[in-house]
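Student: Sharing a sequence plus its predicted fold:
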Amino acid sequence: KIVHVLVILNCKMKVIFNICIVLYLLQCNYGFSQNIYSKQFTTQDGLGDNMVRSIHKDTRGIMWIGTKNGLSKMKGDRFITYNLNQTENLEIRGIKEDSRGILYLLTNDWISFINCRNESAGRVSFSPKDDSNWGIINFELQNDSLLWYSKDTTLILSLTNYDKNTERVYVKKIRSFSFRFETNERIMQFVILEDDKRVCLVTNHARVFILDISTGKYFEKTRLVTINGEFNATSILAYDNQIFITSLLYGIFVLDDTFRLVQQIVNVGDDVLKRKISHNSVYNLIPVGDSSLLAATWNGYTLLSPSKQNSVVWTTEFLTSILSPGNTKIDLRMLSLYYDKEGYVWIGTHGGGVLILDWKWRFIKQFDFAEDNEINDIDFVGNQFYLSTYEKGVLCVNDFESTDKFISHKLFPAFLPNAAICSTK
């Protein structure tokens, strides 16, 4: 009798567990409706400005939004905005955080900071004899102590220090790397490579250079495109031994580990090969999940995935239709992106505030069949799980990313002790 009671309780617990999993997948902490899996925040919700240039989630889980008019912190379903400067409006173009909880901000053309814990803030103080804190194009944090920033034709490595007594951040220049460029050529974007020994940078003449940090030597690797005007690189990403450079008007450039240009992804091309983006002006590119990248463009966003035939070539998928169907107030001119590990994508727009998408819903929608098709059984094998269906045979899903592989009409046993997903008809 005791054994029978335990079996019954065990079965009930499994049912409850499966129901909880589905409820978790369908709910959203940011106030999504049942039919539209997105949420929009604007100045009406306290956002500093409807143009959003940067987005960051700190180590405590608080969202910070960099707008054209100050830094906004999310509190509940509202925002608190910090201007950080009493004399002029600050456009927050970049946000980086160190392990101490200090946010470094690219404000207008200098670097500011805010301590997430006590919210002390100000302009980063540079040593008097060092370069002044203005005219900065971009910056990167290598670790808690090392800060890189660029000015026209110079890349500077500096040492940072947060003084708890004065509650200020101090920067002291360690080394300066100057480049002999062409006339009127300057640094647009740079990134520290994954080996922490080299820096890759791109200029407004579309030239790509590699800097060896230890020796100070640099080499031109390639010219992305030959144009008469200025090449506006908007971001650069080192990801999985490849370099991705986004630009205005010229799309996305992909370089391999030898810095050879292997692919340029633009808005024209073969639809069958799926190698097009939603617009040629691309503002940001971030990793989402284990192997995909998401691009913010002037007309919605595009998902990039490695080609199954060639891992260094990327295929694309337009996702603009996911954005709140029928909502004409959504601004498709997208400037910034942030992927929350909890399964949400934050999108900063040019004039429509910030948009949050429930990225998990893309996974759920894969099983929304066009026809009545019952799922009879679910089983896990390693990183794959199998669904035995009424009409489609057995559906195999790899790493929760793809559902395009149907195998034979084999059915699995009814008892699945390790099932963690339940299904509906």
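Tutor: Received the coordinates, thanks.
Student: okay, CA-based contacts and neighbour counts for the rest of this
Tutor: Fine.
Student: count of residues packed around residue 291?
Tutor: When neighbours are defined as other Cα atoms under 10 Å, residue 291 has 12 of them.
Student: Could you check how far it is from residue 279?
Tutor: The gap separating residue 291 from residue 279 is 22 Å, by Cα to Cα, to the nearest Å.
Student: Then residue 235?
Tutor: Distance of residue 235 to residue 279, given as Cα to Cα: 15 Å.
Student: again with residue 380
Tutor: 39 Å.
Student: out of these two, which sits in the more crowded spot?
Tutor: Between residue 380 and residue 279, residue 279 has the larger neighbour count (other Cα under 10 Å), namely 23 against 17.
Student: thinking that one is in contact with residue 318, fair?
Tutor: No. Judged on Cα atoms under 8 Å, residue 279 makes no contact with residue 318 at a distance of 10.1 Å.
Student: Name the nearest residue to residue 345, sequence neighbours excluded.
Tutor: Nearest residue to residue 345, sequence neighbours excluded (Cα to Cα, 6 or more residues apart in numbering): residue 339, at 4.7 Å.
Student: Give the helix, strand or coil label for the one you found.
Tutor: strand (DSSP: H, G, I helix; E, B strand; the rest coil).
Student: roughly how far apart are it and residue 117?
Tutor: 23 Å.
Student: Compare neighbour counts for these two and give me the winner.
Tutor: Applying other Cα under 10 Å to residue 339 and residue 117 shows that residue 339 carries more neighbours, namely 21 against 10.
Student: Now do the same for that one: its pLDDT.
Tutor: pLDDT, residue 339: 93.
Student: quick one, what contacts it?
Tutor: 286-288, 345-346 (Cα atoms under 8 Å, 6 or more residues apart in numbering).
Student: For the most centrally placed residue in the chain, what is the enclosing helix or strand?
Tutor: Centroid-nearest residue in the chain: residue 286, 3.2 Å away (criterion: Cα atoms, centre = their mean). Using DSSP states H and E, the element containing residue 286 is strand 282-288.
Student: model confidence over that strand, on average?
Tutor: Per-region confidence: strand 282-288 scores 95 on mean pLDDT.
Student: Stretch 190-209 too?
Tutor: On average, stretch 190-209 scores 95.
Student: Stretch 81-94 too?
Tutor: Mean pLDDT, stretch 81-94: 79.
Student: what distance separates that stretch from the centre of its chain?
Tutor: Remark: stretch 81-94 is offset 23 Å from the chain centroid, using Cα atoms, centre = their mean, to the nearest Å.
Student: Now do residue 329, the pLDDT please.
Tutor: pLDDT, residue 329: 65.
Student: got it, and the one 5 residues further on?
Tutor: Note for residue 334: predicted pLDDT of 93.
Student: Kindly provide the distance from it to residue 52.
Tutor: In terms of Cα to Cα, residue 334 sits 9 Å off from residue 52.
Student: ok, now residue 192?
Tutor: Separation of residue 192 from residue 52 (Cα to Cα): 25 Å.
Student: Have a look at the two and say which one is more surrounded.
Tutor: Neighbours were counted for residue 192 and for residue 52 using other Cα under 10 Å; residue 52 has more, 33 against 21.
Student: Can you give me the separation between the more buried one and residue 318?
Tutor: According to Cα to Cα, residue 52 and residue 318 sit 22 Å apart.
Student: Could you do residue 289 as well?
Tutor: For residue 289, the distance to residue 318 - Cα to Cα - is 17 Å.
Student: just residue 282 next, same as before
Tutor: Counting by Cα to Cα, the gap from residue 282 to residue 318 is 13 Å.
Student: Identify the bridge partners of residue 223.
Tutor: Beta-bridge partners for residue 223, by DSSP bridges, are residue 207.
Student: residues in contact with it?
Tutor: So residue 223 contacts 205-208 (Cα under 8 Å, 6+ apart).
Student: Output the below-cut-off pLDDT ranges for this structure.
Tutor: When residues are selected by pLDDT under 70, those of the chain lie in 1-37, 85-88, 128-131, 269-274, 311, 319-329, 361-374, 382-383, 390-392, 397-425.
Student: quick one: the helices in it?
Tutor: Using DSSP state H, the helices of the chain run over residues 2-26, 360-365.
Student: Which residue, other than its chain neighbours, is closest to residue 298?
Tutor: The nearest residue in space to residue 298 (Cα to Cα, 6+ apart) is residue 333, at 4.1 Å.
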